[in-house]
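Q: Let me see the structure of the following:
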Amino acid sequence: MPPIVRFLIYRVLAIPITLFIITAIIYAFILSTPLEVRASLYLSSGVNPDRMTSEQIQQITDRIIKDYHLNEPYPVQYAYWAASLLRGDWGWSPVLDDNVLKALLRRTPVTAELTLYSLLLFIPLGLASGVVAGWRKNRAQDHLFRLMAFTATSLPTFVLALVLLAIFYVSLHWFAPERLSITNDMFIKSGEFQTFTGLLTIDGFLNGRVDISLDAARHLVLPVITLCLLHWATLGRVTRAAMIEELGKDYAIAAKARGHSELTVVWKHCFRNALSPALTSSALSAATLITGVFIVEVIYNFKGISELVVVSAARDIPDTPTVMGFAVYSVIIVLLLMLVLDILQAVFDPRIREGVIGS
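A: This is a model prediction of the structure:
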């Protein structure tokens, strides 16, 4: 079997195994809660406890406890819960008055758009700035990069968001929070706007409304910068260190001695070898970016996945299905994103394709 195929098989098989371990741990915490709380995880669509009498709630709870063997040992309870997730039955949220999975999927495009443009910004910029800083070690470009990276890593995400809002929204009136301006938002909700991808920057073009795409892009500027600045600095530092190491190796010195230009040595030879640790760092940054995106959504009033948690937290009603669904959904997104980055690493790193470094 070719090494690249083996590498991809291992990565794909790691997803269900990792998901099983994490969800098993998550469900283990539920065991410390009363039976009624665990029963709420299995409420079917349309069963809203707010609209039922206490007797009806008790009858449904007793039936769920019996049907899903919630008095049985942990492995049995987890198996029934996992089976309901696989069927697409993630429970009914009494706060959202909606099926949990449908509520998550409906808000996914907002979070996906913000995450996508953050990845498209910080990964190329992190790689390019790290390469230049490593190439120009201890020169002006390197000193400037290290100063900016230190500043970026010193600012917490929520502080950076507030600073950017104070400067570019409150003072300069350049970039407003929320996803769209009021006029365009009303047009989209009027029913005349057709949704293709859920990404407004793309759907605006597909609807022949370039102004909506540009408006959505303008509203993305501050949240994207807030979300990716820390990860840009981290990736740039890793790339810089890898480039400095590669430029000091024998093959780079030999290439220069044979008359290859410095640009050729840096970008054609050293950069490819520096990609492996850089893309590994990108995968880790992407995982933390997924958790950071929820904070950014709240600050900039983007009604994405984070809205579910905010709404649930604002009510006194226990909403275990939403909390559990949010946790599982986040884990799945992180695992899929890391798989994509692993595939990119295999594509760009010949050592993985040839099995020089392990799977």
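
Q: Where do the helices of the stretch 51-200 of the chain begin and end?
A: 54-67, 74-86, 100-135, 140-154, 157-165, 182-189, 200-206 (DSSP state H, counting those that start in this stretch).

Q: Quick check: mean pLDDT of the longest one?
A: Same thing as helix 100-135. Regarding helix 100-135, the rounded mean pLDDT is 92.

Q: circling back: would you mind putting the helices of the stretch 51-200 of the chain into TSV with mean neighbour count and distance to residue 249 alongside?
A: For the C-beta atoms, the positions are set from N, CA and C on the backbone; glycine is no exception. Below are the helices of the stretch 51-200 of the chain laid out as TSV (neighbours: other C-beta atoms under 10 Å; distance: least, C-beta to C-beta, whole Å):
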stretch	mean neighbour count	distance to residue 249
helix 54-67	14	63
helix 74-86	15	48
helix 100-135	21	13
helix 140-154	15	19
helix 157-165	16	37
helix 182-189	14	53
helix 200-206	19	42
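
Q: out of those helices, nearest to residue 323?
A: helix 100-135 (9.5 Å; C-beta to C-beta).

Q: hang on, the earlier thing: out of the helices of the stretch 51-200 of the chain, which is closest to residue 250?
A: helix 100-135 (17.4 Å).

Q: right, so of the helices of the stretch 51-200 of the chain, which gets closest to residue 21?
A: Smallest distance to residue 21 across those (C-beta to C-beta): 11.6 Å, for helix 74-86.

Q: tell me the angle the closest one makes with helix 100-135.
A: Here the directions of helix 74-86 and helix 100-135 differ by 90 degrees (axes from the mean of the first three to the mean of the last three C-alpha atoms, to 10 degrees).

Q: what sits up against helix 74-86?
A: For helix 74-86, the external contacting residues (C-beta atoms under 8 Å, 6 or more residues apart in numbering) are 20, 23-24, 27-28, 31, 38, 41-42, 68-70, 90-91, 328.

Q: From the residues you listed, list the buried ones, please.
A: Neighbour-count burial (16 or more other C-beta atoms under 10 Å) applied to the contacts of helix 74-86 gives 23, 27, 38, 41, 42, 68, 70, 90, 91, 328.

Q: Dump the residues you listed into CSV; add pLDDT as well.
A: Output for the buried ones among the contacts of helix 74-86, formatted as CSV (pLDDT from 0 to 100):
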residue, pLDDT
23, 90
27, 87
38, 78
41, 77
42, 76
68, 80
70, 84
90, 86
91, 80
328, 90
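
Q: Could you export these to TSV, including columns for distance to residue 141?
A: Shown next, in TSV, are the buried ones among the contacts of helix 74-86 (distance: C-beta to C-beta, whole Å):
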residue	distance to residue 141
23	46
27	51
38	57
41	54
42	58
68	61
70	62
90	50
91	53
328	44
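
Q: and the two most separated of these?
A: Top of the distance list for the buried ones among the contacts of helix 74-86 (C-beta to C-beta): 70 and 328, 18.6 Å.

Q: Show me the helices in the stretch 201-350 of the chain, by range?
A: 210-247, 250-257, 262-264, 271-299, 306-314, 320-348, 350-353.

Q: want to throw these into TSV with distance to residue 175?
A: Formatted as TSV, the helices of the stretch 201-350 of the chain follow (distance: least, C-beta to C-beta, whole Å):
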stretch	distance to residue 175
helix 210-247	5
helix 250-257	43
helix 262-264	36
helix 271-299	13
helix 306-314	20
helix 320-348	26
helix 350-353	40
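
Q: Check these for me: which has the lowest mean pLDDT.
A: Looking at the helices of the stretch 201-350 of the chain, the lowest mean pLDDT belongs to helix 350-353 (a mean of 66).

Q: How about residue 345, nearest residue that isn't a chain neighbour?
A: residue 279 (4.1 Å; C-beta to C-beta, 6 or more residues apart in numbering).

Q: wait, the one you found sits on residue 346?
A: No - if you go by C-beta atoms under 8 Å, residue 279 and residue 346 don't touch, sitting 9.3 Å apart.

Q: Counting neighbours, go ahead and name the busier of these two.
A: residue 279 (23 against 20; other C-beta atoms under 10 Å).

Q: Against residue 337, how distant is that one?
A: 13 Å (C-beta to C-beta, to the nearest Å).
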